[in-house]
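Asks: Structural data only, the sequence is not supplied:
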């Protein structure tokens, strides 16, 4: 029976994708499936996504798009599965704090805080809805560095384990402002080396004596204000944001300025970090750090449309740490 099933698997999938291509994909991304039936399903999903990418790239060559798509580690997931597994932002209420006030300064034409050593390497959140925690630590990492300290990777896992009483749910979601609130109340946060990331919920075992960074407050950008977001990024550093990352085009983005008119501006479910901005081929963009590993997008980053009516909700829930 097992031999017959294997023969059926090979025969059924040969028309969808070359076996050598499929084996190379599995090896590249360390894919292992529970059984031949599951593998057949994943191979079909891969074939559908490959067709989607091919169609997009044909249209890109015709000048219909400003960004490219490519097969990546998410190509064996349906868009519904992808959206459910990779996100984690749950916007909620917050305690009164500072609202961003425009500086009145003329912002530079472009900014990239990586050039100032204020951005840590690209992590991988795995199958955990921890984007909110990565976005919060990313903003504080930048603020800490720009205030004169050494750049240090901060513990996302500590936020997953210790913010339950603040209304966060670990891998099931949370909000950047609540992460900031916890860090302030806790007198700081530990480094990833002293409180490592496990990509799953755990018991809180924080040790205040190991805190390596603190914040005094956090600031919210006015809802939906790209002008406010620009002012914040230009004058304060990396800003945590919520975005709609559910589109298939986002799932398999590979380069260029991401512009999808179907992206929601109010349904934000993924936390990310704006680390700069600029213009490419006449298209304004936000430079956004993501948490899906360096093999996704532009070495882990994406250039998202700027000045396009808050596309993907880029300025819907933006905030930054204040040291």
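Replies: That came through, no problem. Keep in mind that this is a model prediction, so the values were computed, not measured.
Asks: Residue 74 - how many residues pack around it?
Replies: Neighbourhood size, residue 74 [other Cβ atoms under 10 Å]: 20. In short, each C-beta sits where N, CA and C put it, glycine included.
Asks: for residue 77, same thing?
Replies: 18.
Asks: Chain neighbours aside, what residue packs nearest to it?
Replies: residue 45 (6.6 Å; Cβ to Cβ, 6 or more residues apart in numbering).
Asks: Quick one: residues contacting that neighbour.
Replies: For residue 45, the contact set (Cβ atoms under 8 Å, 6 or more residues apart in numbering) comprises 75, 76, 77, 78.
Asks: could you give the mean pLDDT of the host helix or strand of it?
Replies: Using DSSP states H and E, residue 45 sits within helix 36-61. Average pLDDT, helix 36-61: 97.
Asks: Toward the C-terminus, what is the element adjacent to that helix?
Replies: strand 67-69.
Asks: If you count contacts, what does that following strand end up packed against?
Replies: helix 36-61, strand 253-258 (3 or more Cβ pairs under 8 Å, 6 or more residues apart in numbering; DSSP states H and E).
Asks: how about the first one: buried residues?
Replies: By neighbour count, with 16 or more other Cβ atoms under 10 Å as the criterion, the buried positions of helix 36-61 are 39-40, 42-47, 49-50, 52-53, 56, 60.
Asks: Am I right that residue 201 is in contact with residue 160?
Replies: Yes. Shown here, residue 201 and residue 160 form a contact pair, counting by Cβ atoms under 8 Å, at 6.2 Å.
Asks: got any residues that touch both of those two?
Replies: Common neighbours of residue 201 and residue 160 (Cβ under 8 Å, 6+ apart) are 170, 171.
Asks: quick one, which of the two is more surrounded?
Replies: More crowded of residue 201 and residue 160, by other Cβ under 10 Å: residue 160, with 30 against 15.
Asks: before we move on, which element is that one in?
Replies: helix 156-162.
Asks: Just checking the distance from that helix to the centre of its chain.
Replies: The chain centre lies 17 Å from the centre of helix 156-162; the measure is Cα atoms, centre = their mean, to the nearest Å.
Asks: list the helices and strands that helix packs on?
Replies: When contacts are defined as 3+ Cβ pairs under 8 Å, 6+ apart, helix 156-162 packs onto helix 131-146, helix 176-185, strand 189-190.
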